[in-house]
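K.L.:
From the sequence below, what's the structure:
(2 chains)
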Amino acid sequence: MGLDIRWPIGFMFSLVGLLLVIYGAATNSDVEMYRRSLGANINIIWGIVLLLFGAGMLLGAVLGRKNPPKS
Amino acid sequence: MQPIHLAWIDYTILIAYTVFVIGIGFALKRYMKTSSDFLTSGRSIPTWVTGLAFMAANLGALELVGMAASGAKYGIATAHFYWVGAIPAMVFLAVFMMPFYYGSKARSVPEYLKMRFDERVRALNSISFAVMTVFASGISMNALAKLLHQLLGWPYDASLWICSAIVLLYVLKGGLTSAIYTEVLQFFMIVLGFAPLAYLEMKDIGGWDMLKSRLVEVAAHPAAAGLIDKGGKTYPPDAWTHAWSPLLAGPAANPMGVGWFPMVFGLGFVLSFGYWCCNFLVVQRAMAAKNMTAARRTPLIAAVPKMLFPALVILPGMVAAALAVTHQDGYRLPPKPLDAAIYQKMLPAVAQATADGKEGDAALQAVNTALGEDDAKTYKLNAGKIAAIVADNKKAPLSEDSLKSRLQDAVGETDYDGVILSLVKRYCPSGILGLALTGLLASFMSGMAGNVTAFNTIWTYDLYQAYIAPNKSDEHYAWMGRAVTIAGILLSIVCAYLVSQWSNAMDIIQLVFGFVNAPLFATFLLGMFWKRTTSTGAFLGLLGGTATSALFHALSNAAGNNLGIKGGYLWTFMHKGITDLPQCLIFPSDMAQNFWLAVFAFTACLALTAVISLATRRTKSDEELKGLVYSLTPKLKEEGQSWILKPAVLGTLLLICCVIMNIIFW
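P.N.:
Numbers count the residues shown, from 1 in each chain, chains lettered A, B, ... in the order given. Model prediction:
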């Protein structure tokens, strides 16, 4: 099927990861809120994880376009 | 439960997700030309995609919510649904059954039944399946809308219609391909949305060893952790932390109330194989793969995340029970939510009790009288807390809001389905909160989309084309596929309202699912592996198996249940006023009753099919059954694949991993 699903997955998680990192950085001083996540700024940490995951998917999609699978 | 406040970031994540799933539907629209593109994806999807979709389509069925609930109730033994239930069945599907489904060029499971047997078996299977998918998606959407209402304070009707509309949009645009593609996105959303929660709660409780020592306390005093439906019972120390040793010690030694035989044979063999190998909802994902090799690898790929999923879905429930037993930072398992109608009865009763100066148990009695017998039994109010509310209210009148929240806290009955959300609320700051909620939403939507795409294929090919309007043009069937997608979603909404209005409806529907599913695998097993099985044998065997399960249920009951909808109602018909059954017909728990029912239904179907087949004449020749029956099908050539990638080898590896998992948590 013409659409490589790695594109939308990659874009969506990169976007959400980026949003989480920005939001995490902006709220870093909010000690009260991060008490819930046991003092860690989980937004920044997990935002980075999501960014990496999204980037990996996009990379896969780029490589997939260069070497189309033989079928 | 107080509604959770969402920040802008949470809404942004929710909206981003919605935009992407709808976007996928629109992006795929231009590829949807024939009915086959729309309903069966034209058999063109990559393996890893069908693999993850295979897993995600099943995920929707209340898995996140339900498995966390069971984790709290039963501990690590819940993992049997994965390591005994799902994995062996998925391997069996890949190695033995997929060649017939895919190789026969059938477009659906009922169509395979028509090729192997005849129209009667197909009609029986497709009608029961079509009804089931509609109800299943209705139940799941009702649960979602209720959840959004309780959790976020969104109106029930709006939640129901909007979520259904989103699913409708992307399924209508991109058909099965769209459902499968979004299921993959949803799969990652669920995993990545809930992984931080699993990490945070494990960190909070202090690691696995700490969790185990707390769960030993839970086993000693289940009621202290809020598991009050266990009554005053106590269990051996390993009941929550070991999967097998409590089962081997007998039904009384484990909170599931199940012995090893019904677990292994009833769940592991009959129910799981019936679901994973014969249910079109999941099999459809593998049938959409691009070739036979890909189709056979689909369930094997799905088995890998499936094996690890307990860490994500069961562990939270276990942590919740462990947190609740010591009330760490004031945590308790969420109480059953009170609704407006109940408050209407309670508030005046509290006011009256205050005015009358009721103290101690008298205060509880006053409130329970106002509630009526049934509601009092449902909510199991805590006497001490009610007395304290009345006493404080006498000192200085409490505001309505504080009265309500304290009354809610006084509810003793646990709302197990709320366990996962109580943890989300406890550990997730804004941001991650939005991500987790989106994951939850994704799981419900993938479930609905899965049901709807299975429903539209069965309706269009197995009912409409087969019996109502054969020999129409392909455009006509493509149009019908779309029309019935809309109809399917509307019917699901109707079912959601039915279930929400009449709570017994849910119990009845789930019972009927059980009756239909339990014998199914026997028919497939005989059909695929014994060429002597005749159409009449299969048809009557299947009917007989279903009737056996209904009869079994009507005659037996589980300990602690009243005779009636939960079982044993036939006795009340025969002897008015009977309240108890002979001991041999009472099972230690609902689950044990259910597993034994499966054992009997399967055996009855197998025996009936075999006997009737031997007594009737075959209607299909060996030539006609080629590609449909094991012994008449030439062995698949697997050349060009390295030996390690052969399904049988991969399947064996998976089973070995599965055995190791079982041993680790023995």
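K.L.:
residue of the stretch 251-400 of chain B with the smallest distance to chain A?
P.N.:
Residue nearest to chain A within the stretch 251-400 of chain B: B:Lys290 (6.6 Å; C-beta to the nearest C-beta). Every residue, glycine included, has its C-beta placed from N, CA and C.
K.L.:
For the stretch 351-500 of chain B, which residues are neighbours of chain A?
P.N.:
Contacts of the stretch 351-500 of chain B with chain A, taken as C-beta under 8 Å from any C-beta of the partner chain, map to B:426-432, B:435.
K.L.:
residues from chain A in reach of chain B?
P.N.:
Proximity of chain A to chain B (C-beta under 8 Å from any C-beta) is limited to residues A:1-3, A:5, A:8-9, A:11-13, A:15-16, A:19-20, A:23-24, A:27, A:33-34, A:36-38, A:42-43, A:46-47, A:49-50, A:53, A:69, A:71.
K.L.:
From these, keep the buried residues only.
P.N.:
Among the residues of chain A next to chain B, those classed as buried by neighbour count (16 or more other C-beta atoms under 10 Å in any protein chain shown) are A:1, A:3, A:5, A:8-9, A:11-13, A:15-16, A:19-20, A:23-24, A:27, A:33-34, A:36-37, A:42-43, A:46-47, A:49-50, A:53.
K.L.:
how about the strands in chain B?
P.N.:
B:557-558, B:586-587 (DSSP state E).
K.L.:
Please dump the ones you listed into JSON lines; it should also carry distance to chain A for every row.
P.N.:
Formatted as JSON lines, the strands of chain B follow (distance: least, C-beta to the nearest C-beta, whole Å):
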{"stretch": "strand B:557-558", "distance to chain A": "39"}
{"stretch": "strand B:586-587", "distance to chain A": "42"}
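K.L.:
Columns mean pLDDT and distance to B:Glu111 on top of these, output as TSV?
P.N.:
Below are the strands of chain B laid out as TSV (pLDDT from 0 to 100; distance: least, C-beta to C-beta, whole Å):
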stretch	mean pLDDT	distance to B:Glu111
strand B:557-558	80	38
strand B:586-587	80	37
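K.L.:
tell me, how many neighbours does the residue lying closest to B:Tyr275 once chain neighbours are set aside end up with?
P.N.:
For B:Tyr275, ignoring the flanking residues on the chain, the nearest one in space by C-beta to C-beta, 6 or more residues apart in numbering or on different chains is B:Asn517 at 6.5 Å. If you count neighbours by other C-beta atoms under 10 Å in any protein chain shown, B:Asn517 ends up with 22.
K.L.:
separation between B:Asn517 and B:Phe539?
P.N.:
When distance is defined by C-beta to C-beta, to the nearest Å, B:Asn517 is 17 Å away from B:Phe539.
K.L.:
repeat for B:Gln593
P.N.:
28 Å.
K.L.:
More neighbours: those two, which one.
P.N.:
Higher neighbour count among B:Gln593 and B:Phe539: B:Gln593, with 28 against 23, using other C-beta under 10 Å.
K.L.:
right, and that one touches B:Gly567 too?
P.N.:
Yes. Between B:Gln593 and B:Gly567 there is a contact under C-beta atoms under 8 Å: 6.2 Å.
K.L.:
Identify the contacts common to those two.
P.N.:
Common contacts of B:Gln593 and B:Gly567, defined by C-beta atoms under 8 Å, 6 or more residues apart in numbering or on different chains, comprise B:553, B:556-558.
K.L.:
Please indicate which of these are buried?
P.N.:
For the shared contacts of B:Gln593 and B:Gly567, buried by 16+ other C-beta under 10 Å: B:553, B:556-558.
K.L.:
low-scoring stretches of the chain, by residue?
P.N.:
Unless you meant another one, I'm taking chain A. Applying pLDDT under 70 to chain A flags residues A:1-2, A:66-71.
K.L.:
Please refer instead to chain B.
P.N.:
Scanning chain B with the threshold set as pLDDT under 70 gives B:1-2, B:42-43, B:60-62, B:228-231, B:503, B:565, B:575-581, B:583, B:638-641.
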